[in-house]
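Chemist: Sequence and predicted model, in that order:
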Amino acid sequence: MATHEPLLLKNMSQPGYTGSLADYERAGGYQALKKVLGKIAPADITEMVKKSGLRGRGGAGFPTGVKWSFIPKDHPGPRYLVCNADESEPGTFKDRQLMERDPHQMIEGMILAAYAIGVRTSYIYIRGEFALGAKILERALAEAYQAGYLGADILGSGFALDLYVHRGAGAYICGEETALLESLEGKRGLPRIKPPFPATHGLFQKPTVVNNVETLSNIPHIVNRGPEWFAAIGNPPKSSGTRIFCMSGHVKRPGNYEVPMGITFREMIYDIAGGMRGEKPLKAFIPGGASAAFLMPRHLDVKLDFESVAQAGSMLGSGGITVMEEGTCMVWAAENLLHFFNHESCGKCTPCREGSSWLLQILRRIDHGKGKMDDLATLLRLCGNIAGRTVCAFGDAEIAPITSTLQYFREEYETHIREQRCPFQPQPAPELISVGHEERP
Amino acid sequence: MTSAFSQAAQARIPGLIARYAEKRGALLPLLWLAQEEQGHVSEEAMKEIAGLLGLTPPQVYETVTFYTMYNRRPIGKYHIQVCRSLMCALVGTDNLLGWIHAKLGIKTGQTTPDGFFTLSQVECLGSCGTGPMMQINDDYYERLTQDKTTRILDDLKREGKCPLATGPFMFPEPTAK
Ligand SMILES: Cc1cc2nc3c(=O)[nH]c(=O)nc-3n(C[C@H](O)[C@H](O)[C@H](O)COP(=O)(O)O)c2cc1C
Ligand code: SF4
Ligand code: FES
């Protein structure tokens, strides 16, 4: 098994660490900020992050320093930094841990990022359900203001930054960066057509950088220990650094594990997460959150880095790995995910809005023993009409569970249709789990 | 006209509005404030917020209806939200719903006759490694068993709170070396 030193989870892994400002400072916190303010030019920080090879941890893996350098240099008026703490991709639960257990690590990262791109006002967009996380962040921000790490004249350097928590209110799509910006502006969370990109037309039409919680939490470490050190971790040059993988499903030890990129799924599932929970063999796994295509046991030796997973036909995405044992019905699994996508489609574009509900209806019909063989071709045709034809990447995400399960488990779909029933027992009690399109009151 | 906001809440409003370059940015925060005050966002509150932000009531309504967490009418005192997404379903969402049903006699969408509990199914709550799980009002309850579930519901009804609420979240918890 690869040896590794945790980076982001290091502080919180010390028993008794509370995430308070005092604890964070005792562990070396805010040293990076002191090293930078008034001593290193903003452009040099961006350069450093570029050189580190850090890529976004929010899903798309875009190089962070490059993103920062897209902000126009001499644009008049304000510019913004927004931390994407919407974490709603099924299978992903790492940002919650980073915020609740070591909030100052992320805040220090945000201050450094704001300094690098010349931002004076910044927001943390946190999903509404994370009420505790929002409370913890508010408390941490108050501590940081008190200590002079935020406010009008940070550590006497003349650099000023205000940082606010902004709570979402229950909409997965607000994790998509342009929908997030609409939501921050007080509107419905509908993704914008790109271009123009947020780097030039972002929040209130001003230049804006949106970065994920985990991405920003890496910044203090890069500043403290140097870009070369960071660039050498993991599987350089394309996949530098560690990542926190969220293990869920049928493994013995689910949870968050931080490892250098480049270890294999076999190591992750069987060594780190303890292997399969029951005696049953592995049937399939999702490598990067609900939006990523399913992979098979034959992909166990694929490396956990951006390029390798893409080559295997899926994506590293948000870092959520979901493991399914033999006996799990793949039609049921796809149906569950499509329930999610149908519920969360924002409705802006027709292929996604209409397509997601048709896809769900067909999957439900097949799972409940009422499918026809023609349905399989219809599913694929619908997927083909969604792929690449939508305003945002949600469209490509919602078809991944269907195209991949049809690719690997077509005979399972056919058995459902031929026998007019689900061949797997026991099934979740239908009257309890399939009660339709649940809405809050 | 009486306000939807208490005096303490009213005092916070200008500060919230000042956080945004355009007033409308404060819409979600003000809706949260209204819901904290009244348990839901009434039409009167929406009208009042529209006035505060220089918007029309339909502009406020349009935003409110996009988001699932704003309740537009009063609900049970405790809103049980069970995660139904795949990762939790793999490890027993149906069991959890069964335990709640056994204890309270309600199914999804229903409220207990005493008005204490409303049951909803929701999509992923960002706690997929610790399923089955549910959120009740602001609190998360994770790695649920029948015993824990029963105790949580009992505690809430009797004491108004339950020590089994989880967080600050870390899983697995660190162990002393
Ligand atoms: C449908 C959809 C949902 C997304 N949800 C999230 C999310 O919850 N959190 C997140 O950080 N990024 C999410 N993203 C990615 C963001 O759009 C954006 O790429 C990311 O926040 C950029 O940060 P990074 O460069 O640090 O990764 C989502 C993207 C899409 C298309
Ligand atoms: S693809 Fe779906 S979620 Fe994205 S903009 Fe279109 S309708 Fe909305
Ligand atoms: S799937 Fe239940 S919390 Fe994510």
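Modeler: Good, I have the coordinates. Numbers count the residues shown, from 1 in each chain, chains lettered A, B, ... in the order given. Ligands and ions are numbered 1, 2, ... in the order given.

Chemist: Who are the contact partners of the one residue in chain B that gets nearest to ligand 2?
Modeler: Closest contact between chain B and ligand 2, by CB to the nearest ligand atom, is at B:Phe66 (11.4 Å). Any C-beta I mention is one placed from the backbone N, CA and C, and that applies to glycine too. When contacts are counted by CB atoms under 8 Å, 6 or more residues apart in numbering or on different chains, B:Phe66 touches A:Ala171, A:Arg188, A:Gly189, A:Cys346.

Chemist: give me every residue that touches the third one.
Modeler: Read it as A:Gly189. With CB under 8 Å, 6+ apart, A:Gly189 has these contacts: A:Gly168, A:Ala171, A:Ile173, A:Cys174, A:Glu176, A:Ala179, A:Leu180, A:Glu182, A:Ser183, A:Cys346, B:Phe66, B:Tyr67.

Chemist: so the third one sits right up against A:Arg188, yeah?
Modeler: Yep, that's A:Ile173 we're talking about. No: counting by CB atoms under 8 Å, A:Ile173 stays clear of A:Arg188, with 9.5 Å between them.

Chemist: Name the residues contacting each of these two.
Modeler: Contacts common to A:Ile173 and A:Arg188, judged by CB under 8 Å, 6+ apart, are A:Cys346.

Chemist: Tell me how many other residues surround A:Lys73.
Modeler: When neighbours are counted by other CB atoms under 10 Å in any protein chain shown, A:Lys73 registers 9.

Chemist: What are the contacting residues of the longest helix along chain B?
Modeler: Taking DSSP state H as the criterion, chain B has its longest helix at helix B:146-159. Helix B:146-159 has contacts (CB under 8 Å, 6+ apart) with B:78, B:95-96, B:99-100, B:102-104, B:116-117, B:136, B:141, B:161-164.

Chemist: Apart from its neighbours in sequence, what residue is nearest the residue of the stretch 151-300 of chain A found nearest ligand 1?
Modeler: Relative to ligand 1, the nearest point of the stretch 151-300 of chain A is A:Gly175 (2.3 Å; CB to the nearest ligand atom). Leaving out its chain neighbours, the residue that sits closest to A:Gly175 by CB to CB, 6 or more residues apart in numbering or on different chains is A:Asp86, at 3.8 Å.

Chemist: quick one: contacts for that neighbour?
Modeler: The contact partners of A:Asp86, taken as CB under 8 Å, 6+ apart, are A:Tyr125, A:Ile126, A:Arg127, A:Gly168, A:Tyr172, A:Cys174, A:Gly175, A:Leu180.

Chemist: hang on, the earlier thing: for the contacts of helix B:146-159, which two are the farthest from each other?
Modeler: The most widely separated members of the contacts of helix B:146-159, counting by CB to CB, are B:Asn95 and B:Lys161 (24.5 Å).

Chemist: In terms of neighbours, single out the busier of those two.
Modeler: A count of neighbours by other CB under 10 Å puts B:Asn95 above the other of B:Asn95 and B:Lys161, at 17 against 10.

Chemist: Now name the helix or strand holding the more buried one.
Modeler: helix B:93-104 (DSSP states H and E).

Chemist: Packing partners of that helix?
Modeler: In terms of contacts (3 or more CB pairs under 8 Å, 6 or more residues apart in numbering or on different chains; DSSP states H and E), helix B:93-104 is packed against helix A:430-433, strand B:78-83, strand B:117-122, helix B:146-159.
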